[in-house]
Every structure is written in structure tokens, then in C-alpha cells.
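Novice: How does the following fold in three dimensions:
(one chain, ligands or ions: 3)
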Amino acid sequence: MSLIVQKFGGSSVADAASIRRVAQRIAATRRAGHDVVVVVSAMGDTTDELLDLANQVVEGHPAPRELDMLLTSGERISMALLAMAIKGLGLEARSYTGSQAGMITDERHGKARILEVAPRRIQEAIADGAIAIVAGFQGFNRETGDITTLGRGGSDTTAVALAAAMDAEVCEIYTDVDGIFTADPRVVPKAHKVDRITTEEMVELAAAGAKVLYIRAVEFARRHGVRIHVRSSFSDLEGTIVTNRTVPAEGETVEEPVVAGVATDLSESKITIVGVPDVPGKAAQIFTIVADTLANIDMIVQNVSTTRSGETDISFTLAKSDVPAVLAALEAARAEVGFAELLHDDDIAKVSVVGAGMRSSAGVSAKLFTALYEAGVNMEMISTSEIRISVVTRASAAATAARAIHAAFGLDGEADAVVYAGTGR
Ligand code: ADP
Ligand code: ASP
Ligand code: MG
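Specialist: Ligands and ions are numbered 1, 2, ... in the order given. As a prediction, the model looks like this:
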């Protein structure tokens, strides 16, 4: 019998009626003769609401260990309700927390990495003919004995890791859109669904802010050869297959557009360190201080300062949530590093185009910059990788920029895309 892992995101289990609908869908898969392991996210915007609550009881950062305790409770609610709903349909179902399911992680609260998956209890449940429901986004660290979370959107990683550990036939990611589109359909209404995408392109799209799949999940799938099928829990349509395979199967059309998709990301901020002494070792010193806070840096730009000689300005982008810790660490090292001023800007967006075809195609940057110029959008930073170009713009210009780029690369579909649910939060 084949094993299928099915992951349901928050918008698919937002209320009691949705949970019953999802339970029907799981039951149908089981009745069709498959073994089923389900991974579930917290209901609707529960995780955001819990975060808001934490920020109301404390000024500054809530204690990371306690924050993980709080946030993991969201997935416990949905897993238990889903198991009850499935049992109500006459099938056996058992729910498990991340630690019960053997998701062993490192100790980093809020951004733990999976070290090992030991799904003994899940295998037992399956052997008993039950459907196993696993709480997404959470794990357990053996050294500290504490509960961890994998980072926002981390339920996708739980699903892919379980699919790899249990050698599932496919890892189905159910969400509130019909699959992976050429852009976020909430931002670019003319975005269209793609039938297939490579893990390579999907990693870049996820890094560029396409939250339809969490980047760590795609990286995991790439390393372990897990086949992902992203689809809607609100329709029966086929979604998008994400695989390592780039060679088309026989009979399949060889159509490789230069650009696979456009992504927007409003989750980053920009920090600028003004007046850094222009001598060797300063960047190393600064980015060591930043790295010690565990923050991940995205783009970096260094300029010759226009106002001072012998000094430079360094700007970089990073997750908004990492800004307070990084600012505090840099401020504490101001005298030691010898910079003049520390600025930060929350009002930015990153807009990117991604496509494996860029490797062999000239003029992609020129086309992108022309589209932005014609749309009246100013670029503040630019960075490129082999198959991606990203620009930083004002946050308010993100949608205009994404739509202009989408049209310029010929990605616009005929009709407007369908978004079934969710608040997009
Ligand atoms: P879930 O709650 O199921 O985990 P998410 O909100 O994390 O759902 O991800 C689904 C959302 O991702 C969609 O509603 C859509 O707004 C957004 N999204 C961003 N980029 C894309 C894209 N390229 N294709 C499809 N959806 C995208
Ligand atoms: N509930 C978590 C979040 O909102 C994990 C997830 O949904 O994947 O980030
Ligand atoms: Mg998600």
C-alpha cells in the first residue's frame, strides 16, 4: 500500500466547518486504499494572534523558549480537532505533537533545524491501520529537553521531512490556491498556475518571498528527492508538481520560459551603517557581530560615502523580526567598529524574478529595469544570482513593480487567478 503525506495549511483548517471538510478529504484518501500521514498547521491566523498576545504581555522580545511553548499550542488545537473529526467519520485517527512524532531538532528556538526524524509512533499508528495526524512546525531538542519551532511556515518542512523519513510516494501540500503560480495571485491577479516547477526554481522563489512553500521544505525535498504536489484543499484540481527532474518526460512539451515567476517580499528591512572606516577587516567585524545574533542577511551593498572621505556606507537587508537584536548588537559595538550612524528602514520591498532559463538568456536585467522604469518604480538595491534578480523598492511600489515585471516577461494569464480563502497574513 502506498503512503501519502498530506499537509493542510492554516487557511484550510480555519474553522470547524473547514476541519470537517478536510477530514472528509483525508478519509476519502484512506478509503481509496492509501496509508495516510497528515501534517496540520494552526487554525487560520492563530500563530499571528498568539504572537500578538506575546507582544502584549512583554515589551521587547518575548523569551524564545516560552514563545515556542506558546506557538506550538496552535498546532495542538488543530491536530486534536482533526483527529476527532476523522474518528467521527468512522476511521481511526491519532494525533501526535512534533516531539511524539520524533522530530528531533537543534536547540535554536524560533528557527530550529531538523537533525533527525524518528517516526516510530507514526509507523506504529500506520501499522495499526490508523491515520496519523502530526502537529506541524515543531520539534524537540534532546540536549535541552525543550520544545522548538522551525520558523514561520515550518509545517511544510515537517511534512517533507516525514515524507522523506517514511519514504512516502508523494507529499501533498494543501493550501488556499490551486498550486504554484507565476506570482502571488493576491498581488498579481493575472498570475497563472504552472503544472510543474523544479526544486531549484522553487528554492529561489521561496527565498524571494513566495510563501506558498517554505524554503527549508523545498531544500529538504531537493536533498532527499521528495516529490511535492502543491494543490488546493478547496477544489479537486491538479496542482503543481515540484521535483528535481528537469528533463521532460517523453511526450511532454519542451517549453522552458526564461522566467518561471515573480516574487514579492515585504518581510524584510534595510539597515544602513553610515561612515564605516574604509579599511580591511571592517566588513568581517560587522558581519560577525550580526551573525552572532543568528540573523540571516540577504542583500549587502557597500558604497563609497559621499559625505566623508576614507569612509563607506554599508547597507544590508534582513528579516524584520531580526532587526531589534541586530540594531542592539551593532549599537553596542559602535565605538569598537568606529562607524558614525546607524539607520534602519522598515518600509521596503524586495521584488524578484526567477528562472533557470536566465542562465542562457541575455538581456534579462535590461528588460526588468526597463519595465520598472516604465512603471515609475525606483530601485534602491539590486542583487543577482545565477537564476534570480532581486531589487529593493519602496514597500508601496511592490505590487506595481511585480505586475509590470510579470507583464514584461509575458507571464500574464488570460483570466484572473482564484484565491479561495485565507487573509494573506
Ligand atoms: P498555508 O496556510 O496553506 O500554509 P500560505 O499562506 O503559507 O498558506 O501560502 C499560500 C499563499 O501563498 C497563497 O494564498 C498566496 O497568497 C501566497 N503565494 C505567494 N507566492 C505564490 C505563488 N507563486 N504561487 C501561489 N501562491 C503564492
Ligand atoms: N502555524 C505556523 C505559522 O503560521 C506554521 C505553518 O503554518 O506552517 O507559521
Ligand atoms: Mg504556509
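Novice: how long is stretch 169-178 end to end?
Specialist: Stretch 169-178 has an end-to-end distance of 21 Å (Cα to Cα, to the nearest Å).
Novice: got a list of contacts for it?
Specialist: Residues outside stretch 169-178 that contact it (Cβ atoms under 8 Å, 6 or more residues apart in numbering) are 2-9, 11-12, 22, 25, 156, 159-160, 162-163, 185, 193, 212-213, 221, 226-235, 237, 239, 417-422. C-beta: built from backbone N, CA, C; applies to glycine.
Novice: now stretch 388-398
Specialist: 187, 204, 207-208, 264, 266, 270, 299, 317, 347-354, 358, 364-365, 368, 372, 377-384, 401.
Novice: PyMOL command for the buried members of these?
Specialist: The PyMOL command for the buried members of the contacts of stretch 388-398 (criterion: 16 or more other Cβ atoms under 10 Å) is given here:
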select buried, resi 187+204+207+208+264+266+270+299+317+348+349+350+351+352+353+354+358+364+368+372+377+379+381+383+401
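Novice: among the contacts of stretch 388-398, which are in helices?
Specialist: Among the contacts of stretch 388-398, DSSP state H puts 204, 207, 364, 365, 368, 372, 401 in helices.
Novice: Now do whatever helix or strand residue 28 lives in, average pLDDT.
Specialist: Using DSSP states H and E, residue 28 sits within helix 16-31. Average pLDDT, helix 16-31: 97.
Novice: ok, now stretch 168-175?
Specialist: Averaged across stretch 168-175, the pLDDT comes to 97.
Novice: That stretch near ligand 1 at all?
Specialist: Yes. Using Cβ under 6 Å from any ligand atom, stretch 168-175 reaches ligand 1 at residue 175.
Novice: buried set for that stretch?
Specialist: If you call a residue buried by 16+ other Cβ under 10 Å, then stretch 168-175 has these buried ones: 168, 170, 171, 172, 173, 174, 175.
Novice: which intervals of the stretch 101-250 of the chain have sub-threshold pLDDT?
Specialist: Counting by pLDDT under 70, the stretch 101-250 of the chain has low-confidence residues at 246-250.
Novice: where along it do the strands fall?
Specialist: Secondary structure of the stretch 101-250 of the chain by DSSP state E, counting those that start in this stretch: the strands cover 103-105, 114-117, 131-135, 138-140, 147-149, 170-175, 196-198, 228-232, 240-243.
Novice: Nearest approach to residue 95 belongs to which of these?
Specialist: Of all these, it is strand 131-135 that lies closest to residue 95, at 4.3 Å by Cβ to Cβ.
Novice: how far off helix 16-31 does that closest one point, in degrees?
Specialist: 140 degrees (axes from the mean of the first three to the mean of the last three Cα atoms, to 10 degrees).
Novice: Could you list every helix and strand that strand 131-135 packs against?
Specialist: Applying 3 or more Cβ pairs under 8 Å, 6 or more residues apart in numbering; DSSP states H and E, one finds that strand 131-135 contacts strand 35-40, helix 64-88, strand 93-96, helix 120-127, helix 155-165.
Novice: so which of the ones you listed gets nearest ligand 2?
Specialist: Nearest to ligand 2, of all the helices and strands packed on strand 131-135, is helix 155-165, at 3.2 Å by Cβ to the nearest ligand atom.
Novice: So which other helices or strands are in contact with the closest one?
Specialist: Counting contacts by 3+ Cβ pairs under 8 Å, 6+ apart, helix 155-165 packs against strand 3-8, strand 35-40, strand 114-117, strand 131-135, strand 170-175, helix 215-224.
Novice: Quickly check: the longest one near ligand 3 or not.
Specialist: No. When contact is scored as Cβ under 5 Å from the ion, no part of helix 215-224 falls within range of ligand 3; the minimum is 9.0 Å.
Novice: angle of that helix against helix 155-165?
Specialist: Going by the same axes, to 10 degrees, helix 215-224 makes 20 degrees with helix 155-165.
Novice: is it true that residue 101 touches residue 116?
Specialist: No. Using Cβ atoms under 8 Å, residue 101 is not in contact with residue 116, being 11.8 Å away.
Novice: With neighbour numbers in mind, choose between those two.
Specialist: Applying other Cβ atoms under 10 Å to residue 101 and residue 116 shows that residue 101 carries more neighbours, namely 30 against 12.
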